[in-house]
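Peer 1: just need the structure, nothing else, for what follows:
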Amino acid sequence: MPKLVALLLIGFGLLEVINPRITWYLSEGWKFKDAEPSDLYLAVSRVVGAVLVLIGLGVLVLT
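Peer 2: Predicted coordinates for the structure are as follows:
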């Protein structure tokens, strides 16, 4: 079970790092017409994604 959680964290983290606009659209963008995420949101999303990847890798290594 911990390995599944680790893989999910890594997958979601990579999605955030590679293309944070997808997760923005899924969480907030669908509510508004012609809206765009701010540069700050995109930067913070990439940092959070990198942290998720590191946590996922840590869980994989420790289990």
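Peer 1: helices or strands up against the lowest-mean-pLDDT helix or strand in the chain?
Peer 2: In the chain, no helix or strand scores lower on mean pLDDT, DSSP states H and E than helix 20-27, which sits at a mean of 90. The contact analysis (3 or more Cβ pairs under 8 Å, 6 or more residues apart in numbering; DSSP states H and E) places helix 20-27 against helix 2-18, helix 39-62. (Each C-beta comes from the backbone N, C-alpha and C, glycine too.)
Peer 1: Throw these into a markdown table and include mean neighbour count, distance to Glu28 and mean pLDDT, thanks.
Peer 2: Below are the helices and strands packed on helix 20-27 laid out as a markdown table (neighbours: other Cβ atoms under 10 Å; distance: least, Cβ to Cβ, whole Å; pLDDT from 0 to 100):
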| stretch | mean neighbour count | distance to Glu28 | mean pLDDT |
| --- | --- | --- | --- |
| helix 2-18 | 15 | 14 | 94 |
| helix 39-62 | 14 | 9 | 95 |
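Peer 1: between those helices, which gets nearest to Phe32?
Peer 2: Minimum separation from Phe32 across the helices and strands packed on helix 20-27 (Cβ to Cβ) falls at helix 39-62, 13.3 Å.
Peer 1: so what's the closest residue to Val5 other than its chain neighbours up against?
Peer 2: Distance criterion Cβ to Cβ, 6 or more residues apart in numbering; nearest residue to Val5, sequence neighbours excluded, is Val59 at 6.6 Å. Residues in contact with Val59 (Cβ atoms under 8 Å, 6 or more residues apart in numbering) are 2-3, 5-6, 9.
Peer 1: having no further points to raise, I will conclude here.
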